[in-house]
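Colleague: pasting the structure only:
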């Protein structure tokens, strides 16, 4: 049943869509599907060609999906098709380390057997998730690949966006899912705070002789953290953070020499290692938007908060935004409210900004703490990690946070419930 007043219905007929989403990575299409599932008309504008994003060598990253993120994908009808390409994470081990020395004695050990929700999370490669989103959008969402929003102007009861091909689209709301350098945010007058970490992430898929048994490893080294994350089969995703200069030199090495530098850091616990795909690099920085909303504009994902990958929470934070914004907009639409109004958008910002900013700054602090070579800090962080590992209540709290089960209130999509 449509609860909108007749005047709103007539105005809506003059619009190209209810919501226009700028950005076709992962958050934008996921939001589009959640909104379309509830009957709203959505257009996604993606600066990249669809076939480029779907290619095996487009991104290279794999994501540690929190349990709550997996539930969202299940609620959208996507997870059943992704299960075969995902790897459950049964344990997480975090330790201090030095190249050639392996893990040092103080460490954190999280075991999913201590919580009732099953695995701590699921590893899934970008290419598989994007292909599932693209296939689902074909029947439910108008997708405009190879185009970008180059201008936006608020109008009476809506917003008009100009695309790179010259056409104009009108909607009630424009959502910026267009990354850390969000043009949507800049044109809306939303400023950003942040800094460069002085690190670049070297990303690659690695094949190894021995099974990983679903265990994710995180080594904290002085030049940056090294994550070894389990993928299906005898493969792992490596996210190796180094100083910009080190990363630039390592990235320039041929494959064999790259592996020679990686091996002393990786260790030999999985046997011999080899590359199982292309290598990628990503500069690391913190980028926080001062606001998540403006006049007829809302931001999600990296457009709102670009974070360090140290805890693998970047995509999960974005999907929390998606779940909250979708719920706010769908509920407002069903009540007959103007979904692009300040009143509606402030509900979204109030729901998400504190949680996302707190986690972003928390990850920033962890990276700084574990990247310090100060012997006093080194001893303190080792003792602290040992205490957390030794106290069951603290350990379970950390695990629930990592699994995305501590959001309060929890959006319905993160509970696995359709809107």
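Modeller: The structure has been received and is ready for your questions. Being a predicted model, the structure only gives us computed values, none of them experimental.

Colleague: any idea how far residue 238 lies from residue 282?
Modeller: Distance, residue 238 to residue 282, by C-beta to C-beta, to the nearest Å: 13 Å. In this view, the C-beta of every residue, glycine as well, is placed from N, C-alpha and C.

Colleague: what does residue 411 give?
Modeller: From residue 411 to residue 282 the distance is 28 Å (C-beta to C-beta).

Colleague: so what's residue 417 up against?
Modeller: Listed by C-beta atoms under 8 Å, 6 or more residues apart in numbering, the contact set of residue 417 reads residue 75.

Colleague: that one and residue 230, how far apart?
Modeller: 29 Å.

Colleague: same check, this time on residue 27
Modeller: Counting by C-beta to C-beta, the gap from residue 27 to residue 230 is 24 Å.

Colleague: check residue 41 too.
Modeller: For residue 41, the distance to residue 230 under the criterion C-beta to C-beta works out to 40 Å.

Colleague: and residue 411 and residue 282? which has more neighbours close in?
Modeller: Each of residue 411 and residue 282 had its neighbours counted (other C-beta atoms under 10 Å), and the higher figure belongs to residue 411 (24 against 17).

Colleague: is it true that the more buried one touches residue 319?
Modeller: No: at 9.6 Å, residue 411 and residue 319 do not qualify as touching, with contact defined as C-beta atoms under 8 Å.

Colleague: helices and strands of the protein: which one bottoms out on pLDDT?
Modeller: When each helix and strand of the chain is scored by mean pLDDT, DSSP states H and E, helix 6-13 comes last, with a mean of 40.

Colleague: any idea which helix or strand comes after that one?
Modeller: Scanning the chain past helix 6-13 towards its C-terminal end, the next helix or strand to appear is strand 19-22 (assignment: DSSP states H and E).

Colleague: and the next helix or strand past that next one?
Modeller: Sequence-wise, the next helix or strand beyond strand 19-22 is helix 27-37, with elements assigned using DSSP H and E.

Colleague: who does that following helix touch, helix- and strand-wise?
Modeller: For helix 27-37, the packing partners by 3 or more C-beta pairs under 8 Å, 6 or more residues apart in numbering; DSSP states H and E come out as strand 19-22, strand 42-46, helix 67-75, helix 126-140, helix 314-334.

Colleague: could you redo the last one with a cut-off of 6 Å?
Modeller: strand 19-22, strand 42-46, helix 126-140, helix 314-334 (3 or more C-beta pairs under 6 Å, 6 or more residues apart in numbering; DSSP states H and E).

Colleague: what mean pLDDT does it get?
Modeller: Predicted confidence along helix 27-37 averages 98 (mean pLDDT).

Colleague: residue 306 versus the residue nearest to residue 47 when sequence neighbours are not counted, what's the distance?
Modeller: Computed as C-beta to C-beta, 6 or more residues apart in numbering, the closest residue to residue 47 that is not its neighbour in sequence is residue 148, at 4.1 Å. Per C-beta to C-beta, residue 148 is found 19 Å from residue 306.

Colleague: got the phi/psi numbers for residue 154?
Modeller: The phi and psi torsions at residue 154 (degrees, to the nearest 10) take the values phi -70, psi 140.

Colleague: which strand residues bridge it?
Modeller: On DSSP bridges, the residues paired with residue 154 through beta bridges are residue 159.

Colleague: that one touches residue 296, doesn't it?
Modeller: Yes: taking contacts as C-beta atoms under 6 Å, residue 154 lies within contact range of residue 296: 5.0 Å.

Colleague: those two: who's more crowded?
Modeller: A direct count of neighbours by other C-beta under 10 Å for residue 154 and residue 296 places residue 296 higher, at 25 against 15.

Colleague: any low-confidence regions in the stretch 101-250 of the chain?
Modeller: Counting by pLDDT under 70, the ranges of the stretch 101-250 of the chain that qualify are 101-107, 112-117.

Colleague: how about 90 then?
Modeller: Applying pLDDT under 90 to the stretch 101-250 of the chain flags the ranges 101-120, 139, 156-157, 194-195, 197, 218-225.

Colleague: helices of that one, start to end?
Modeller: Secondary structure of the stretch 101-250 of the chain by DSSP state H, counting those that start in this stretch: the helices cover 126-140, 183-187, 244-251.

Colleague: so which of the ones you listed is the most surrounded?
Modeller: Per-stretch averages of neighbours, counted by mean count of other C-beta atoms under 10 Å, single out helix 183-187 among those, with a mean of 20.

Colleague: what helices and strands are in contact with that one?
Modeller: In terms of contacts (3+ C-beta pairs under 6 Å, 6+ apart), helix 183-187 is packed against no helix or strand at all.

Colleague: list the contacts of that helix.
Modeller: Outside helix 183-187, the residues within contact range by C-beta atoms under 6 Å, 6 or more residues apart in numbering are 22, 152, 176, 178, 289, 299, 303.

Colleague: out of those residues, which two sit at the greatest distance?
Modeller: 152 and 289 (15.9 Å; C-beta to C-beta).

Colleague: more crowded one of those two?
Modeller: Here residue 152 and residue 289 are compared on neighbour count by other C-beta under 10 Å; more neighbours surround residue 289, at 26 against 23.

Colleague: and the more buried one, how far from residue 178?
Modeller: Using C-beta to C-beta, which is the criterion applied here, residue 289 is 12 Å from residue 178.

Colleague: hang on, the earlier thing: so what sits against both of residue 238 and residue 282?
Modeller: Looking at what touches both residue 238 and residue 282 (by C-beta under 6 Å, 6+ apart), there is no common residue.

Colleague: average pLDDT for the helix or strand hosting residue 287?
Modeller: Secondary structure here is read from DSSP H and E; on that basis residue 287 sits in strand 273-289. Averaging the model's pLDDT scores along strand 273-289 yields 93.

Colleague: after it, next one along is what?
Modeller: Going down the chain from strand 273-289, the next helix or strand is strand 293-294, by DSSP H and E.

Colleague: for the helix or strand just after that next one, the distance to its chain's centre please.
Modeller: Once the chain leaves strand 293-294, the next helix or strand it forms, by DSSP H and E, is strand 297-299. A distance of 17 Å separates the centroid of the chain from that of strand 297-299, by C-alpha atoms, centre = their mean, to the nearest Å.
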